[in-house]
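>>> no FASTA, just this:
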């Protein structure tokens with residue numbers, strides 16, 4: 001009789017426990033999303049790759065420079081460098097003064113001054129360029145000597161315009177410093193010659209020594225002011 005009561009009781013407990021376990025498992029299992037969402041890829045602005053285009057400068061530049069060269073000795077000026085790296089312009093001044101020594105004293109003097117505007121073109125946006133300068137220069141030569149007890153200085157002045165075709169190489173650094181070299185030829189276009197005797201005394205004017213010294217002065221001035229001269233220059237500058 002005990003078995004008749006115990007067996008049905010145990011069966012009922014097992015069925016009740018199984019049903020409760022299934023209900024609990026179904027409540028604790030999370031539901032899968034109906035449609036998975038895929039986030040679109042984004043590229044933060046901070047991760048953008050910076051530009052490496054070196055074909056031009058960030059902006060156009062202004063600069064100053066100075067250098068040494070022929071035929072104007074010392075050169076300097078101001079320049080404008082276009083952002084495209086293909087062209088630039090400059091206002092250039094030059095000059096020198098020289099006193100060669102003779103056997104006794106420093107009596108001869110030569111001086112030269114020039115002013116020119118220059119344009120440069122970089123055909124490959126590189127350091128190489130072709131250029132031309134149009135300018136004016138003044139040459140003065142004089143020689144002092146004594147004749148018949150008088151100190152006399154014959155003087156020759158030549159003013160001319162010139163054209164200088166040339167080629168060169170120019171390097172601009174990130175620090176602002178730049179460096180360049182160029183070669184060409186200075187070609188005179190026109191001239192004006194002024195000769196001053198330094199005296200009105202006919203005895204001195206007709207003195208063979210005076211005539212020779214005067215011709216020396218004329219020759220020096222003509223070489224610098226009337227002939228085609230080589231052009232060469234080395235320069236250093238700063239652009240900002």
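The structure has been received and is ready for your questions. Owing to the predicted nature of the structure, the values given are computational and were not obtained by experimental measurement.
>>> assign residue 175 to helix, strand or coil.
The three-state assignment at residue 175 reads coil, by DSSP: H, G, I helix; E, B strand; the rest coil.
>>> how about stretch 149-158: buried residues?
By neighbour count, with 16 or more other C-beta atoms under 10 Å as the criterion, the buried positions of stretch 149-158 are 152, 153, 154, 155, 156, 157, 158. All C-beta atoms are positioned from the backbone trio N, CA, C, and that covers glycine.
>>> ok, residue 234 - how many residues close by?
Applying other C-beta atoms under 10 Å, we find 12 residues neighbouring residue 234.
>>> ugh, wrong one, I meant residue 215
Other residues near residue 215 come to 12 when the count uses other C-beta under 10 Å.
>>> so it, which of the three states?
helix.
>>> that one and residue 222, how far apart?
10 Å (C-beta to C-beta, to the nearest Å).
>>> what does residue 118 give?
When C-beta to C-beta is applied, the distance between residue 118 and residue 222 equals 25 Å.
>>> more neighbours, these two?
residue 118 (19 against 16).
>>> quick check on that one: phi, psi?
When quoted as degrees, to the nearest 10, the phi and psi of residue 118 stand at phi -130, psi 140.
>>> that one touches residue 89, doesn't it?
Yes - shown here, residue 118 and residue 89 form a contact pair, counting by C-beta atoms under 8 Å, at 6.7 Å.
>>> burial count for residue 71?
21.
>>> got a list of what it touches?
Contacts were defined as C-beta atoms under 8 Å, 6 or more residues apart in numbering; by that measure residue 71 touches 112, 186, 224, 229, 230, 231.
>>> who wins on neighbours among these?
Taking other C-beta under 10 Å to define a neighbour, the member of the contacts of residue 71 with the most is residue 186, carrying 24 neighbours.
>>> that residue contacts residue 165, correct?
No - the pair formed by residue 186 and residue 165 falls short of the contact definition of C-beta under 8 Å, at 9.3 Å.
>>> downstream neighbour of the helix or strand of the chain with the lowest mean pLDDT in the secondary structure list?
Among the secondary structure pieces of the chain, namely its helices and strands, helix 2-28 has the lowest mean (mean pLDDT, DSSP states H and E), a mean of 49. Beyond helix 2-28 on the C-terminal side, the first helix or strand identified by DSSP states H and E is strand 61-70.
>>> list the contacts of that next one.
74-81, 83, 90, 94, 172, 178, 180, 229-240.
>>> would you write a PyMOL line that selects the buried entries of those residues?
Under the burial definition 16+ other C-beta under 10 Å, those of the contacts of strand 61-70 that qualify are selected in PyMOL by:
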select buried, resi 75+77+79+81+90+94+172+178+180+229+231+233+235+237+238+239
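>>> got a list of contacts for the helix or strand hosting residue 95?
Mapping residue 95 onto the secondary structure by DSSP H and E places it in strand 87-98. When contacts are taken as C-beta under 8 Å, 6+ apart, the neighbours of strand 87-98 outside the stretch itself are 65, 69, 72-82, 109-122, 129, 133, 135, 137, 170.
>>> got it, and stretch 158-168?
Outside stretch 158-168, the residues that touch it by C-beta under 8 Å, 6+ apart are 116, 120, 128-140, 180-194, 221-222, 224-226, 231, 233.
>>> out of those residues, which are inside strands?
116, 120, 128-140, 180-194, 231, 233 (DSSP state E).
>>> give me the below-cutoff pLDDT ranges for the chain.
In the predicted model, the chain carries pLDDT under 70 at residues 1-54, 100-106.
>>> give me that answer again for 80
Counting by pLDDT under 80, the chain has low-confidence residues at 1-55, 100-107.
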